[in-house]
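Engineer: Any chance you could fold what I've pasted below:
(2 chains)
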Protein chains: 2
Amino acid sequence: MAGTNHRRPALTGGPAIILVEPQLGENIGTAARAMLNCGLDDLRLARPRDGWPSDKAIAAASGADTVLQKARLYPSVPAAIADLVHVFAATARDRGMVRREVTPRHAAAEMRGWLASGEPCGVLIGPERTGLVNDDVALADTVLTVPLNPAFSSLNLAQAVLIIGYEWFTSGSTASPEILHRGGSRLATKEELLNFFDHLEEELEGSGFLRNRESRPHMVRNLRSLFQRAQCTEQELRTLHGVVTSFAGPRERRRQTNTVDGLRSLKPGKMLGLVDRADDE
Amino acid sequence: MAGTNHRRPALTGGPAIILVEPQLGENIGTAARAMLNCGLDDLRLARPRDGWPSDKAIAAASGADTVLQKARLYPSVPAAIADLVHVFAATARDRGMVRREVTPRHAAAEMRGWLASGEPCGVLIGPERTGLVNDDVALADTVLTVPLNPAFSSLNLAQAVLIIGYEWFTSGSTASPEILHRGGSRLATKEELLNFFDHLEEELEGSGFLRNRESRPHMVRNLRSLFQRAQCTEQELRTLHGVVTSFAGPRERRRQTNTVDGLRSLKPGKMLGLVDRADDE
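Structural biologist: Predicted coordinates for the structure are as follows:
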């Protein structure tokens, strides 16, 4: 995973993540990893308790070294946010302060807009055990609160960074929320699908499964509906042709002996057989 | 944090989280914690490598013991998903399989709908080092992929559970994406705000700041615009009245001596002074 770092697209220019008095180097490392997961690389450290740089941070970053190498150290929160125009304070607690509070999703959309207008922004995240003090919250424009189970809403540093970063990343993602992977094949055309229906229904005629003329149209429609719904690829249809042939093989031979009402010669117009009988129901 | 468990609202009934061959007890514990963060409590373990129950899981769960206590152990993935109707496979890799793939947000919306219709569902999450094998992915209807930095998209177990759970939780959250905390006060009425403007502008007249009759309307509007934008509470306006009085105090006395063009008697209609002069610009 780490080895792919150098190929990564230029996913930079996102908001700054400002860790205020982080206690453990490990947590700085896992926060850096979460940042790189989300394409963020402006990490700022205000008064890290155990000093900086930190070997423990590097070990915990699992390859997100680029973020740690770029990290900047500051003697205070005001120094760390001096160049920013918009600052969020991540906190789960209501401080009894008069303050705008937004969700990470709302914050991400706002930050997209600001950064596009050239207004740098960032998010303050407090120390592991206590979170931000009120004086640091008062340095921010807006409180950012992750909506979570109100009775169990404490996140560790990396998880808070991950949620904020994930919303940042998805706010800029143009990926479709639903796609169909085709496994190297392509979706079948309707002609290919209808050919398969012909094959299947012909063999089911031969096997006697569609013997009942009354229930036949209903049965055929149900089977067709199922395969339509599956959105088969061309490759899958070839597999299904093979499955039908493999089942039908012995019957095929049986039929050739018995010549069951000449169905085998009826290749193209098979579908019409269904339409013609639609009135029967 | 742990102590608040018992007060938690009944945030149950969400999808099952099925950990397939999880390797470390610690990771089962942190996954359980992420589940409780998001109001999920149906944890299923298929062949955990180091056995079950696990002291290390309990230690890492940081109070999410209820989820671990309810966790169920299964000898196989088919056994773990037997009662479910819809199953997602969480994976970052394209397996070359023909398969529907959705984002966690899309999956969360689908699961909300299914669970509301009484159709149980769950998400398969593979072992830490390797992720799900293709045969397990083939047991799921749909692949669930977290949109992340394509060159650095590996999440640990708890983080994958957190993102999936976070989307589940927010999909059911009716919380406003933006609220204004009032710190125990209430937003000021317009009358209260206009009274403050009267006070401020009166004192600024007295101090000479609004001496220039031409620029006065523009200046007054700018100041009013700033305080309008701040959406002051009633308490904040009282503080601001105090600030103005505290600044104006010495001048007040000075003015009482000089009786600067009788402005102090002009309390109510002050705003009109601005409107009347609007044509001047």
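
Engineer: all contacts plus neighbour counts: C-alpha atoms, from now on.
Structural biologist: Will do.

Engineer: the helices in chain A, which residues?
Structural biologist: For chain A, the helices identified by DSSP state H occupy A:25-37, A:55-60, A:65-70, A:77-81, A:104-116, A:134-137, A:157-171, A:190-207, A:216-229, A:234-258, A:270-276, in order along the chain.

Engineer: So for the last one, mean pLDDT?
Structural biologist: Pointing back at helix A:270-276 there. When pLDDT is averaged along helix A:270-276, the result is 42.

Engineer: How about the first one?
Structural biologist: Mean per-residue pLDDT for helix A:25-37: 97.

Engineer: ok, is it in contact with chain B or not?
Structural biologist: Yes - under the criterion of CA under 8 Å from any CA of the partner chain, helix A:25-37 makes contact with chain B via A:Leu36, A:Asn37.

Engineer: Okay, angle between that helix and helix B:157-171 too, please.
Structural biologist: 60 degrees (axes from the mean of the first three to the mean of the last three CA atoms, to 10 degrees).

Engineer: would you put the C-alpha positions of helix A:25-37 in CSV?
Structural biologist: As requested, the backbone C-alpha atoms of helix A:25-37 are provided in CSV (Å, rounded to 0.1, in the frame of the first residue of the first chain):
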residue,chain,number,x,y,z
GLY,A,25,3.2,10.2,18.4
GLU,A,26,1.3,7.1,17.3
ASN,A,27,-1.9,9.1,17.0
ILE,A,28,-0.2,11.7,14.9
GLY,A,29,1.0,8.9,12.6
THR,A,30,-2.5,7.3,12.3
ALA,A,31,-4.0,10.7,11.7
ALA,A,32,-1.5,11.3,8.9
ARG,A,33,-2.5,8.0,7.4
ALA,A,34,-6.2,8.9,7.6
MET,A,35,-5.3,12.3,5.9
LEU,A,36,-3.5,10.6,3.0
ASN,A,37,-6.5,8.2,2.7
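
Engineer: tell me what it is packed against?
Structural biologist: Taking 3 or more CA pairs under 8 Å, 6 or more residues apart in numbering or on different chains; DSSP states H and E as contact, the helices and strands that helix A:25-37 lies on are helix A:55-60, helix A:65-70, helix A:157-171.

Engineer: nearest to B:Asp141, of those helices?
Structural biologist: Nearest to B:Asp141, of all these, is helix A:157-171, at 23.7 Å by CA to CA.

Engineer: just the angle between that closest one and helix A:104-116, please?
Structural biologist: Computed by the same axes, to 10 degrees, the angle between helix A:157-171 and helix A:104-116 is 60 degrees.

Engineer: so who does A:Ser185 touch?
Structural biologist: For A:Ser185, the contacting residues are A:Thr233, A:Glu234, A:Gln235, taking CA atoms under 8 Å, 6 or more residues apart in numbering or on different chains as the criterion.

Engineer: And those residues, which is closest to chain B?
Structural biologist: Minimum distance to chain B across the contacts of A:Ser185 is 7.8 Å, recorded for A:Thr233 (CA to the nearest CA).

Engineer: I'd like to know how far the closest one sits from B:Ser117.
Structural biologist: Here the distance between A:Thr233 and B:Ser117 works out to 30 Å (CA to CA, to the nearest Å).

Engineer: same deal with A:Val123?
Structural biologist: In this view, A:Val123 and B:Ser117 are 40 Å apart by CA to CA.

Engineer: Dump stretch A:180-200 to CSV, keeping only the CA atoms.
Structural biologist: C-alpha atoms of stretch A:180-200 as CSV (Å, rounded to 0.1, in the frame of the first residue of the first chain):
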residue,chain,number,x,y,z
LEU,A,180,-21.8,-2.3,-12.5
HIS,A,181,-18.4,-4.0,-12.9
ARG,A,182,-18.4,-6.1,-16.0
GLY,A,183,-15.3,-8.3,-15.2
GLY,A,184,-13.7,-7.5,-18.6
SER,A,185,-16.8,-8.4,-20.6
ARG,A,186,-19.5,-6.1,-21.8
LEU,A,187,-23.2,-6.1,-21.1
ALA,A,188,-25.1,-8.4,-23.5
THR,A,189,-27.2,-6.8,-26.3
LYS,A,190,-30.9,-7.6,-26.3
GLU,A,191,-30.4,-9.8,-29.4
GLU,A,192,-27.9,-11.9,-27.5
LEU,A,193,-30.3,-12.1,-24.6
LEU,A,194,-33.2,-13.1,-26.8
ASN,A,195,-31.0,-15.8,-28.5
PHE,A,196,-30.4,-17.2,-25.1
PHE,A,197,-34.1,-17.2,-24.2
ASP,A,198,-34.7,-19.0,-27.5
HIS,A,199,-32.1,-21.6,-26.6
LEU,A,200,-33.4,-22.0,-23.0
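
Engineer: Which of the residues in it are classified as buried?
Structural biologist: Buried residues in stretch A:180-200, counting neighbours by 16 or more other CA atoms under 10 Å in any protein chain shown, are found at A:181-182, A:187-188, A:192-200.

Engineer: repeat for stretch A:64-83
Structural biologist: For stretch A:64-83, a neighbour-count test (16+ other CA under 10 Å) marks A:Ala64, A:Asp65, A:Thr66, A:Val67, A:Leu68, A:Ala71, A:Arg72, A:Leu73, A:Tyr74, A:Val77, A:Ala80, A:Ile81 as buried.

Engineer: rewinding a little: most tightly packed of the helices of chain A?
Structural biologist: Ranked by mean neighbour count under mean count of other CA atoms under 10 Å in any protein chain shown, the helices of chain A are led by helix A:25-37, which reaches a mean of 27.

Engineer: as a whole number, average confidence for stretch A:92-112?
Structural biologist: 90.

Engineer: Just the terminal-to-terminal distance for that stretch.
Structural biologist: Taking CA to CA as the criterion, the two ends of stretch A:92-112 lie 23 Å apart.

Engineer: rewinding a little: can you pick out the residue with more neighbours from A:Thr233 and B:Ser117?
Structural biologist: A count of neighbours by other CA atoms under 10 Å in any protein chain shown puts A:Thr233 above the other of A:Thr233 and B:Ser117, at 21 against 9.

Engineer: Tell me the spacing between the nearest residue to the more buried one once chain neighbours are set aside and A:Thr145.
Structural biologist: Leaving aside its sequence neighbours, A:Thr233 sits nearest to A:Leu187 (CA to CA, 6 or more residues apart in numbering or on different chains; 3.9 Å). Spatial separation of A:Leu187 from A:Thr145 under the definition CA to CA is 44 Å.

Engineer: Likewise for A:Leu124?
Structural biologist: With distances taken as CA to CA, A:Leu124 is found 12 Å from A:Thr145.

Engineer: Fine, thanks again, bye for now.
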